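Undergrad: All I have is the shape, not the residue letters:
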């Protein structure tokens with residue numbers, strides 16, 4: 001499957017890659033982080049003092065998104081996301097999360113008990129640590145950036161629009177207003 005570059009939202013891709021660079025500067029073994037993505041031009045217009053502190057101006061604001069880090073999650077990302085609904089001023093959201101990935105063919109060996117499964121994954125000799133940065137917009141765009149700990153250089157970051165489909169769908173769900181109230185204090 002080839003990626004048609006015309007299908008990529010450049011503002012979203014830039015925001016995701018900016019977050020990936022930021023996360024790599026913090027090193028590995030970080031907790032999951034959630035970001036609201038706001039239209040930079042709206043931020044400059046509504047909060048000029050904040051925009052000035054961030055080094056944003058009208059020229060830099062055109063066609064870009066600004067990530068706004070949210071409070072640290074109090075439970076696993078996959079459990080928190082279904083309880084979050086962003087307000088209308090948020091045009092998208094992104095998450096940075098690290099996971100252990102096991103090679104194909106070991107699924108049958110993974111214990112059913114979550115604690116035992118975690119220990120199995122951490123001790124498996126062929127495990128891979130991966131950092132995933134996934135962003136989505138209300139307009140339906142998605143973009144992902146992946147970095148393996150064993151290939152920890154900017155040149156080896158893999159990017160595309162749907163590399164982590166389950167996380168893309170969970171994030172999209174936070175942008176759909178179904179009348180529910182956010183429970184996790186986000187948004």
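TA: Arrived safely, thanks for sending. From a predicted model like this one, the values you see are computed outputs, not experimental measurements.
Undergrad: Run through the bridge partners of the residue sitting nearest the centre point of the chain.
TA: Residue closest to the mean C-alpha point of the chain, counted by Cα atoms, centre = their mean, is residue 95 at 2.3 Å. Residues in a beta bridge with residue 95, per DSSP bridges, are residue 34, residue 134.
Undergrad: so what's it up against?
TA: Contact partners of residue 95, counting by Cβ atoms under 8 Å, 6 or more residues apart in numbering, are 32-35, 77, 81, 132-135, 167, 171. In short, each C-beta sits where N, CA and C put it, glycine included.
Undergrad: For residue 70, state which of the residues you listed is nearest.
TA: Residue 70 lies nearest to residue 34 out of those, by Cβ to Cβ, at 4.5 Å.
Undergrad: quick one: contacts for the closest one?
TA: For residue 34, the contacting residues are 69-70, 73, 77, 80, 84, 93-95, 186, by Cβ under 8 Å, 6+ apart.
Undergrad: same thing with residue 157?
TA: Taking Cβ under 8 Å, 6+ apart, one finds 17, 20, 145-147 in contact with residue 157.
Undergrad: any idea which element residue 19 lies in?
TA: Element membership for residue 19 (DSSP states H and E) is helix 10-26.
Undergrad: Mind giving me the packing neighbours of that helix?
TA: For helix 10-26, the elements it packs on are strand 33-39, strand 65-69, strand 92-101, strand 128-137, strand 142-148, strand 158-160, judged by 3 or more Cβ pairs under 8 Å, 6 or more residues apart in numbering; DSSP states H and E.
Undergrad: Could you rerun that using 7 Å?
TA: strand 65-69, strand 92-101, strand 128-137, strand 142-148 (3 or more Cβ pairs under 7 Å, 6 or more residues apart in numbering; DSSP states H and E).
Undergrad: Which positions in the next helix or strand after the first one come out as buried?
TA: Beyond strand 65-69 in the direction of the C-terminus, DSSP H and E gives the next helix or strand as helix 77-80. Neighbour-count burial for helix 77-80, with 16 or more other Cβ atoms under 10 Å as criterion, is recorded at 77, 80.
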